[in-house]
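J.: take a look and give me a structure for this.
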Amino acid sequence: MLLKRFSDTQAEKTTGIDPQQVVDLGSGDQTVLFLHGLFGSPHHWQQVMERLSDRYRVIAPQLPVDYQPGRRQHGINAIADLSNQVREMIDAMDIEPFVICGNSLGGLIAIELCAGQPDYAKGLVLAGSAGLFERSPIGGSRPRPSKEFIRKTVTGIVHRKELVTEELIDDWYTSVSDRDYVRFVLRVSRATRDRTVEDELSKLDLPTMIIWGHQDTITPPSTGREFQRRIKGSRLEFIDDCGHAPNWEQPEAFADLLDEFLPTCFAE
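T.: Numbers count the residues shown, from 1 in each chain. From the prediction side, this is the model:
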């Protein structure tokens, strides 16, 4: 997948998102922005983005929550820190108009951005979003650096077990073997848990689609229904044989829903 850099001028305007880790595909004046979850990456949007890139510009940044030595020193203490960094990236890349689509932590960031500024985005897509209820996949405690623990954790996030590859297990094992990074993950996980958006959902006044996995155990189906109840005019769709990351687990079904929804957002 192509990684497109900001210009040098744009890069100077951003503080937390590495411009070399922003996936930027397609072209046109209508953009879809994809935000991954705490344990996700732009790769988890790849098939969805490729499906849409012949009609839209599609952008997915690597949020600064991925594994890097010394990551805990980067100063992320609240979800607002991440939201501000995404906002800075949107401004730097001059992204407008756009629909914002977030999974898990990415959904929480998307809600903060849209609820805090009316008419900020043309549409909102939430997939397994945090903000009302989310069970921590690591149970709120320090992960044990064993591959058995990691395999159990990942299989609790995704329903399709074929996605739990040895390469994925090895990558996670490397990250949780770094105590400094584990402390960082726990801090972000607790900030996600503590950030509730109950009062802000009523402020959302834009086309909203909620896409949920039927087998999601992190944010169960009842959470998706609660989002729909609280966001006026929102539409809820469930995807079967799917857990907490429908964009990664069932990308074709996810893209089908976006194919139908996106034109309504940009119609105005």
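J.: where does pLDDT dip in the stretch 1-150 of the chain?
T.: For the stretch 1-150 of the chain, the stretches with pLDDT under 70 are 1-15, 74-75, 135-145.
J.: show me the helices in it, by range?
T.: Remark: helices assigned in the stretch 1-150 of the chain by DSSP state H, counting those that start in this stretch are 8-13, 46-52, 79-93, 105-116, 147-157.
J.: and those, which is most packed in?
T.: Each of those was given a mean neighbour count from mean count of other CB atoms under 10 Å, and the largest, a mean of 25, is that of helix 105-116. (Glycine included, C-beta is placed from N, CA and C.)
J.: from the contact counts, what lies against that helix?
T.: Packed against helix 105-116, as judged by 3 or more CB pairs under 8 Å, 6 or more residues apart in numbering; DSSP states H and E, are the following elements: strand 31-35, helix 79-93, strand 98-103, strand 123-127, helix 179-194.
J.: and those as CSV, adding distance to residue 55?
T.: Output for these, formatted as CSV (distance: least, CB to CB, whole Å):
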stretch, distance to residue 55
strand 31-35, 10
helix 79-93, 19
strand 98-103, 12
strand 123-127, 15
helix 179-194, 32
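J.: just to revisit the earlier point, looking at the helices of the stretch 1-150 of the chain, which is closest to residue 246?
T.: For residue 246, the closest of those is helix 46-52, at 9.6 Å, according to CB to CB.
J.: to residue 247, which of the helices of the stretch 1-150 of the chain lies closest?
T.: With CB to CB as the criterion, residue 247 lies closest to helix 46-52 of the helices of the stretch 1-150 of the chain, at 5.4 Å.
J.: contacting residues around that closest one?
T.: The contact list for helix 46-52, computed with CB atoms under 8 Å, 6 or more residues apart in numbering, reads 1, 23, 25-26, 32, 34, 58, 60, 247, 251-252, 254-255, 258-259, 262.
J.: just among those residues, which is most surrounded?
T.: Neighbour counts for the contacts of helix 46-52, by other CB atoms under 10 Å, peak at residue 247, which reaches 32 neighbours.
J.: got the contact list for that residue?
T.: With CB under 8 Å, 6+ apart, residue 247 has these contacts: 34, 44-45, 48, 101, 103, 127, 211, 254.
J.: out of these, flag the one nearest to residue 80.
T.: Each of the contacts of residue 247 was scored against residue 80 by CB to CB, and residue 103 proved nearest at 19.0 Å.
J.: which of the contacts of residue 247 sits closest to residue 66?
T.: Residue 66 has its nearest neighbour among the contacts of residue 247 in residue 44, at 11.9 Å by CB to CB.
J.: coming back round to it: in JSON lines, list the helices of the stretch 1-150 of the chain along with distance to residue 40.
T.: Output for the helices of the stretch 1-150 of the chain, formatted as JSON lines (distance: least, CB to CB, whole Å):
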{"stretch": "helix 8-13", "distance to residue 40": "23"}
{"stretch": "helix 46-52", "distance to residue 40": "11"}
{"stretch": "helix 79-93", "distance to residue 40": "13"}
{"stretch": "helix 105-116", "distance to residue 40": "7"}
{"stretch": "helix 147-157", "distance to residue 40": "10"}
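J.: quick one, which of those is nearest to residue 239?
T.: In terms of CB to CB, the element of the helices of the stretch 1-150 of the chain nearest to residue 239 is helix 46-52, at 12.2 Å.
J.: hang on, the earlier thing: out of the helices and strands packed on helix 105-116, which comes closest to residue 19?
T.: helix 79-93 (8.1 Å).
J.: perfect, I'm done here.
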